[in-house]
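K.L.:
give me coordinates for this.
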Amino acid sequence: QVQLVESGGGLVQAGGSLRLSCAASGRTFSNHVMGWFRQAPGKEREFVARISRSGSMMQYGDSVKGRFTISRDNAKNTVYLQMNGLKPEDTAVYSCAATSRNYYSYTTYTDYDYWGQGTQVTVSS
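P.N.:
All right, here's what the predicted structure looks like:
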């Protein structure tokens, strides 16, 4: 089992920045691909970003490319999501996810086994 706890959400004006953190405990953090997803009211869960086990490879959803950066610190068992240039359409509950599976796209929520409770991000116009 892997337990995930997100933090760092809040209310920010358009154009502002936030950094989300996701602290992991349980099984070896460095064995897991980590991802961030978001879900706005009335919308489907959307892939935001994912990072490889070593942190050497990242992938982003089209709507956040160039604005968001995912990173991880395996010594601290933590994954981060730096969000810059926030827009009102970024408003959602952001959740981190973990998986130890191999040979998946890692851009679909069904590819992940463990989820945090989510943190609300609200961007005002």
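
K.L.:
so Thr110 belongs to a helix, correct?
P.N.:
Yes: applying DSSP: H, G, I helix; E, B strand; the rest coil, one finds Thr110 inside a helix.

K.L.:
quick one: contacts for Lys87?
P.N.:
By Cβ atoms under 8 Å, 6 or more residues apart in numbering, Lys87 lies in contact with Ala14, Val123. To be clear about C-beta, it is placed using only N, CA and C from the backbone, and glycine gets the same treatment.

K.L.:
element containing the residue nearest to the spatial centre of the chain, please.
P.N.:
Nearest residue to the geometric centre of the chain (Cα atoms, centre = their mean): Trp36, 2.1 Å. Following DSSP states H and E, one finds Trp36 within strand 33-39.

K.L.:
packing partners for the helix or strand that comes right after that strand?
P.N.:
Later in the chain than strand 33-39, the nearest helix or strand by DSSP H and E is strand 46-51. When contacts are defined as 3 or more Cβ pairs under 8 Å, 6 or more residues apart in numbering; DSSP states H and E, strand 46-51 packs onto strand 33-39, strand 58-60, strand 68-73, strand 78-83.

K.L.:
what is the orientation angle of strand 46-51 with strand 33-39?
P.N.:
160 degrees (axes from the mean of the first three to the mean of the last three Cα atoms, to 10 degrees).

K.L.:
partners of the strand holding Trp36 in the sheet?
P.N.:
Paired neighbours of strand 33-39 in the sheet (DSSP bridges): strand 46-51 (antiparallel), strand 92-99 (antiparallel).

K.L.:
show residues contacting the first one.
P.N.:
Where contact means Cβ under 8 Å, 6+ apart, the residues beyond strand 46-51 that reach it are 33-40, 57-61, 63-64, 68-72, 79, 81, 92, 94, 106-109.

K.L.:
that's all I had, so thanks and see you.
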